[in-house]
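Engineer: dropping the sequence and predicted coords here.
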Amino acid sequence: MSGLAAVALLSTACSAADAAKDDGSYTIGVIVSQTGSGSQLGVGELQGAQLAVDRLNSRAGINGHPVRLVTADDQSNPAQAVLAARRMIGKVDAIVGPSLSGPCRAVIPLAASAQLVDYCLSPGVKPAADGWQWSASASTEDLAERLLEYWKSRGITRIGLISTTDASGVDGALSTKHAAGVVGVQVVSAASYGADAVSVTSQLQAVSSAQPQALVVWSTGAAAAVAFKGAREMGLHLPTATTDGNLTYNFLRRVKDYLPETLLIPATQDFWWEHSPRGPEARQLEQDYHDQFQARYGTQPDFGPGVAFDAVTLTAQALGEAQGDPHRAKQVLQNLRGVIGVVGTYSFSPQDHRGLTKDDIAIVRASRDSFTYVGR
Amino acid sequence: MTGFIQVVLGGLVDGCVYALIALGMSVVYSISRIINLAQGGFVVLSALTAVSLQQFLGLPPLAIVPIVVVLFAAVLAAVDRIVMVPAAHRATNDRMLLITVGLLQAIGGFVLLVWGNLPYTMQPFTSGAAVTIGGVRIVPQYFWIIGALLLAVAGLWYLLHRTRFGLTMRATAANPSAAALQGIHVGRTRLVAFTLCGAMAALAGTAVIPVTFLQFTTVTSYAVTGFIAAVAGGLGSTAGAVLAGLVLGLLQGVFSRYTSGDLAQVAAMTALIVLLIFRPTGLLGRTSEVRR
């Protein structure tokens, strides 16, 4: 409840901040899913965005220009995201968000026509080369490849795959199959189920009949929980991996009694920074980020806050270097190289609006209340 | 072969839940001619209420069941009096369907508001390891789910066929206007139907949540599968609702085993359409229901 109160407070405060360009500030519109199915991510993303802005402003902003946020809740709905983006255009210098791939895709035409940078917080979109949209976090292909490389290095070469039939599940299944070909691992069986399914016994039976050595569950939230529980009920004790969308403490608390004995998740730097080979500058940034987040919100950051923290920081930096010109900010942003963020080290190009690589991914093991680094 | 039997068992257990939902819809329809799509929502709402009550009271899950059953029997009785009766005075039965759709959406929103966007589950009614019979693994909760359906069917059969009030219910189901002319209090009969409907929703919700995770998004899927089972069984036919629920669960299980998840969902709808083309009354429905 305290988290909700904090978010409500943030929203009120931030929404009041109109695009006050006359004071030389840079205004970033943040559209996240504070309610609806994506709220598990969106609430944390708003916290991460606010933390980033406060950190920038505590250091005199960008070249002396304060950074402001204007926030909106898209209710996890593409139509609401479009409405929010439309209201922001003309008042903001760039947009960060939305949280989910569907709303992100919906705002692409608006961002392009307004020539505003849109830093989508979902890893599920594939930004067009030289377009106006960016995508946060590591790509699904890189996540899947890193996971299968890790398993292969430990002798696991036959995997079963179960995924949801929604966009992220389909993307995850395709990426896992592609990664299996690249890495030299065999997907011996695959099955899919609806994201709102309450039973996956049949699908798990289909997957386990091929006797895989390990299981990939590419689904998030309740759908993943149903699969974990189903596997336990069937007595299926396979090493299991799932998507980074489940890297949230709320999810862990929900499924703690039904976690597979081994549950691995490919994760970005913010989950294993203490083991990262990145230098002292990155370590200091991670330390500050984690300490400040803990102090402010009373919990450690999980998947949502990190991507928003980086997106706001990078967008503000681009606006600063473009001297507040929203159109030039795109050119600046896509030419940033080696910028250290909490999620990873970003090197963009006109063809790459994600900027992260497999080097920013390692494998963490989910236990009842934490994520522990196990290797790369 | 063992794998196939496991799939059949899983499908039948799912089917028991669909049958319970369809049974509730069917009882209400037979008395009031209202298709209560909100039944799927009440299943999820009762399940999450059970989770919260169990955490709050610290009682064993099995002890929570009668509390939730009584509670939701009362809730559905209240829904009848507060929503359905006033609405039925102004709307046709077709329009009442839209009201139940609105109610379903309202329940989904309420669940999201109170329980948030998180999946919930509950401990099984009884602890203990799964039983393995001939290589087929059966978790103890499966027996409770099957038992819940049997209890509902037996209780309903006894009420309808062995009590005087059951006779009035059957008379009302056959012809509400004629029943009213005979002095039967149709409104009270209808109230009992909604009360039974609430009890069945609670039985389904509390029985199934220990084997799965439920959240606000599940309300629609339960509403749709329950509706398919109720229509396929023959609206108003209690035996048909049970049979269709079990067949639907079985078909979904088998299709999910051998085809993709998308195809399994489409297959269930296709099976319903094909059934209704060749047998508009559903599996065990009466011709008069179709003509009405």
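Structural biologist: Nice, I can see it.

Engineer: what helices or strands is the longest helix along chain B leaning on?
Structural biologist: Across chain B, the longest stretch assigned as helix under DSSP state H is helix B:2-32. With contacts defined as 3 or more C-beta pairs under 8 Å, 6 or more residues apart in numbering or on different chains; DSSP states H and E, the packing partners of helix B:2-32 are helix A:201-208, helix B:39-57, strand B:136-138, helix B:140-162, helix B:164-174, helix B:186-208, helix B:218-233, helix B:238-258. C-betas here are computed from N, CA, C, even on glycine.

Engineer: save the ones you listed as TSV, and put in mean pLDDT and distance to A:Pro123 too.
Structural biologist: Output for the helices and strands packed on helix B:2-32, formatted as TSV (pLDDT from 0 to 100; distance: least, C-beta to C-beta, whole Å):
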stretch	mean pLDDT	distance to A:Pro123
helix A:201-208	90	24
helix B:39-57	96	30
strand B:136-138	86	36
helix B:140-162	95	36
helix B:164-174	90	55
helix B:186-208	95	33
helix B:218-233	92	26
helix B:238-258	91	28
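
Engineer: dump the ones you listed to JSON lines, plus mean neighbour count.
Structural biologist: Formatted as JSON lines, the helices and strands packed on helix B:2-32 follow (neighbours: other C-beta atoms under 10 Å in any protein chain shown):
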{"stretch": "helix A:201-208", "mean neighbour count": "25"}
{"stretch": "helix B:39-57", "mean neighbour count": "23"}
{"stretch": "strand B:136-138", "mean neighbour count": "18"}
{"stretch": "helix B:140-162", "mean neighbour count": "17"}
{"stretch": "helix B:164-174", "mean neighbour count": "17"}
{"stretch": "helix B:186-208", "mean neighbour count": "25"}
{"stretch": "helix B:218-233", "mean neighbour count": "26"}
{"stretch": "helix B:238-258", "mean neighbour count": "23"}
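
Engineer: mind putting these in a markdown table, distance to A:Gly61 included?
Structural biologist: Output for these, formatted as a markdown table (distance: least, C-beta to C-beta, whole Å):
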| stretch | distance to A:Gly61 |
| --- | --- |
| helix A:201-208 | 52 |
| helix B:39-57 | 46 |
| strand B:136-138 | 61 |
| helix B:140-162 | 58 |
| helix B:164-174 | 73 |
| helix B:186-208 | 53 |
| helix B:218-233 | 46 |
| helix B:238-258 | 55 |
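
Engineer: please identify which of the ones you listed is closest to A:Gly338.
Structural biologist: For the helices and strands packed on helix B:2-32, proximity to A:Gly338 was assessed by C-beta to C-beta; helix A:201-208 is nearest, at 41.5 Å.

Engineer: please see if that closest one touches chain B.
Structural biologist: Yes: under the criterion of C-beta under 8 Å from any C-beta of the partner chain, helix A:201-208 makes contact with chain B via A:201-203, A:205-206.

Engineer: burial of whatever residue of the stretch 1-150 of chain A ends up closest to chain B, as a residue count?
Structural biologist: Nearest residue of the stretch 1-150 of chain A to chain B: A:Ser39, at 4.7 Å (C-beta to the nearest C-beta). Using other C-beta atoms under 10 Å in any protein chain shown, A:Ser39 is surrounded by 26 other residues.

Engineer: wait, it sits on A:Ser33?
Structural biologist: Yes: A:Ser39 is within contact range of A:Ser33, at 5.5 Å (criterion: C-beta atoms under 8 Å).

Engineer: list residues touching both of these two?
Structural biologist: A:Ser76 (C-beta atoms under 8 Å, 6 or more residues apart in numbering or on different chains).

Engineer: so what's A:Leu236 closest to, chain neighbours aside?
Structural biologist: Of all residues not flanking A:Leu236 in the chain, A:Ser208 sits nearest, at 5.5 Å (C-beta to C-beta, 6 or more residues apart in numbering or on different chains).

Engineer: quick one: that neighbour from A:Val198, how far?
Structural biologist: For A:Ser208, the distance to A:Val198 (C-beta to C-beta, to the nearest Å) stands at 19 Å.

Engineer: can you tell me the SS state at the closest residue to the residue of the stretch 1-150 of chain A closest to chain B other than its chain neighbours?
Structural biologist: Spatial nearest neighbour of A:Ser39, excluding adjacent residues (C-beta to C-beta, 6+ apart): B:Asn117 at 4.7 Å. Recorded secondary structure, B:Asn117: coil (DSSP: H, G, I helix; E, B strand; the rest coil).

Engineer: residues near B:Asn117, how many?
Structural biologist: Going by other C-beta under 10 Å, the residues that sit close to B:Asn117 add up to 23.

Engineer: quick check: it vs A:Ser163, distance?
Structural biologist: 20 Å.

Engineer: same check, this time on A:Gly194
Structural biologist: Per C-beta to C-beta, A:Gly194 is found 11 Å from A:Ser163.

Engineer: please report phi then psi for A:Thr71.
Structural biologist: Backbone torsions of A:Thr71, given as degrees, to the nearest 10, read phi -110, psi 160.

Engineer: right, I mislabeled it, should have said A:His65
Structural biologist: Note on A:His65: backbone dihedrals following degrees, to the nearest 10 are phi -90, psi 120.

Engineer: of all the residues in the stretch 251-376 of chain A, which one is nearest chain B?
Structural biologist: Going by C-beta to the nearest C-beta, chain B is nearest to A:Arg254 of the stretch 251-376 of chain A, at 5.3 Å.

Engineer: do I have it right that that residue meets B:Gln215?
Structural biologist: No: with contacts counted by C-beta under 8 Å, A:Arg254 stays clear of B:Gln215, the gap being 9.3 Å.

Engineer: which residues do the two both contact?
Structural biologist: Listed as contacting both A:Arg254 and B:Gln215 by C-beta under 8 Å, 6+ apart are B:118-120.

Engineer: among these, name the buried ones.
Structural biologist: Among the shared contacts of A:Arg254 and B:Gln215, those buried by neighbour count (16 or more other C-beta atoms under 10 Å in any protein chain shown) are B:118-120.

Engineer: could you pick out the residues of chain A near chain B for me?
Structural biologist: Selection of chain A residues close to chain B by C-beta under 8 Å from any C-beta yields A:35-40, A:164-165, A:191-203, A:205-206, A:209, A:221-222, A:225-226, A:229-230, A:233-235, A:250, A:254-255, A:257-258.

Engineer: which of these are buried, as a ChimeraX select command?
Structural biologist: The following ChimeraX line selects those of the residues of chain A next to chain B that are buried, judged by 16+ other C-beta under 10 Å:
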select /A:35,36,37,38,39,40,164,165,191,192,193,194,195,196,197,198,199,200,201,202,203,205,206,209,221,222,225,226,229,230,233,234,250,254,255,258
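
Engineer: off-centre distance for stretch A:185-200?
Structural biologist: Stretch A:185-200 has its C-alpha centroid displaced from the chain centroid by 22 Å (C-alpha atoms, centre = their mean, to the nearest Å).

Engineer: what's the span of it from first residue to last?
Structural biologist: With C-alpha to C-alpha, to the nearest Å as the measure, the ends of stretch A:185-200 fall 24 Å from one another.
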